[in-house]
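A.B. asks: Show me how the following folds:
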Amino acid sequence: MQYISTCKSPIGNILLAADEIGLTGLWFDGQKYFAHNLDPAHEEKNLPVFKSVRKWLDIYFAGQEPDFIPPVHLIGTPFQISIWKLLRQIPYGQTATYGELARKIAEEKGLAHMSAQAVGGAVGHNPISIIVPCHRVAGSDGSLTGYAGGVDKKKYLLSLEGVDVDNRMILL
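C.D. replies: Below is the predicted model of the structure:
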């Protein structure tokens, strides 16, 4: 069973979803793939994990790096989960490219090559925005390419983390 709760952020309303294990979704209202993996039989309920996520978001939106990660339960294909775990390794205030992630996952899996487009597809379907920081992934030239929540939100989040977004191209 999944449970939901909502919260407000400086860049819009957020829907949270969780199960007994941890957070399963964090989506901005109207984002691409909004509530994509949400169980249709979900209920609204105030779980302890939601309190933890709100605390994390409060610290984050205050411009600080939270020193803890709320319980997370990634639900996806094995490939998607491996990419989402890589996203969690991108340090606060830094970015990585789709190509860098593709090379890293190819190395981990013992493959000669991995498609950056395949990595991009998995990044785009990340159900736990911000906490699993897909906004930290840029194009090979450093450009701010797509973000399911919208490139304007990606730019805001990176700026909040101290990334110089003014000297980057924005590609939609």
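A.B. asks: Spatially, which residue comes closest to the most centrally placed residue in the chain, not counting chain neighbours?
C.D. replies: By C-alpha atoms, centre = their mean, the chain has its centre lying nearest to residue 129, at 3.0 Å. Nearest-residue entry for residue 129: residue 26, 5.0 Å, with adjacent residues in sequence omitted and distances by C-beta to C-beta, 6 or more residues apart in numbering. Just so you know, the C-beta spots here come from the backbone N, C-alpha and C atoms, and that holds for glycine as well.
A.B. asks: so what are the domain limits for the chain?
C.D. replies: Per the record, the chain has its domains at 3-61, 78-160, by automatic domain parsing.
A.B. asks: In JSON lines: these, plus mean pLDDT and distance to residue 70.
C.D. replies: Below are the domains of the chain laid out as JSON lines (pLDDT from 0 to 100; distance: least, C-beta to C-beta, whole Å):
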{"stretch": "domain 3-61", "mean pLDDT": "92", "distance to residue 70": "4"}
{"stretch": "domain 78-160", "mean pLDDT": "90", "distance to residue 70": "7"}
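A.B. asks: So which of the ones you listed is the most surrounded?
C.D. replies: For the domains of the chain, the largest average neighbour count (mean count of other C-beta atoms under 10 Å) is found in domain 78-160, namely a mean of 18.
A.B. asks: hang on, the earlier thing: quick one: the residue nearest to the centre of the chain and residue 154 touch, right?
C.D. replies: No. The pair residue 129 / residue 154 is not scored as a contact, 9.8 Å apart, by C-beta atoms under 8 Å.
A.B. asks: Give me the common contacts of the two.
C.D. replies: Taking C-beta atoms under 8 Å, 6 or more residues apart in numbering as the criterion, residue 129 and residue 154 both touch residue 135.
A.B. asks: quick revisit: distance to residue 72 for the domains of the chain - can I get that in CSV?
C.D. replies: Formatted as CSV, the domains of the chain follow (distance: least, C-beta to C-beta, whole Å):
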stretch, distance to residue 72
domain 3-61, 5
domain 78-160, 6
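A.B. asks: Of those domains, which is nearest residue 67?
C.D. replies: domain 3-61 (8.1 Å; C-beta to C-beta).
A.B. asks: Thanks again, I'm all set now.
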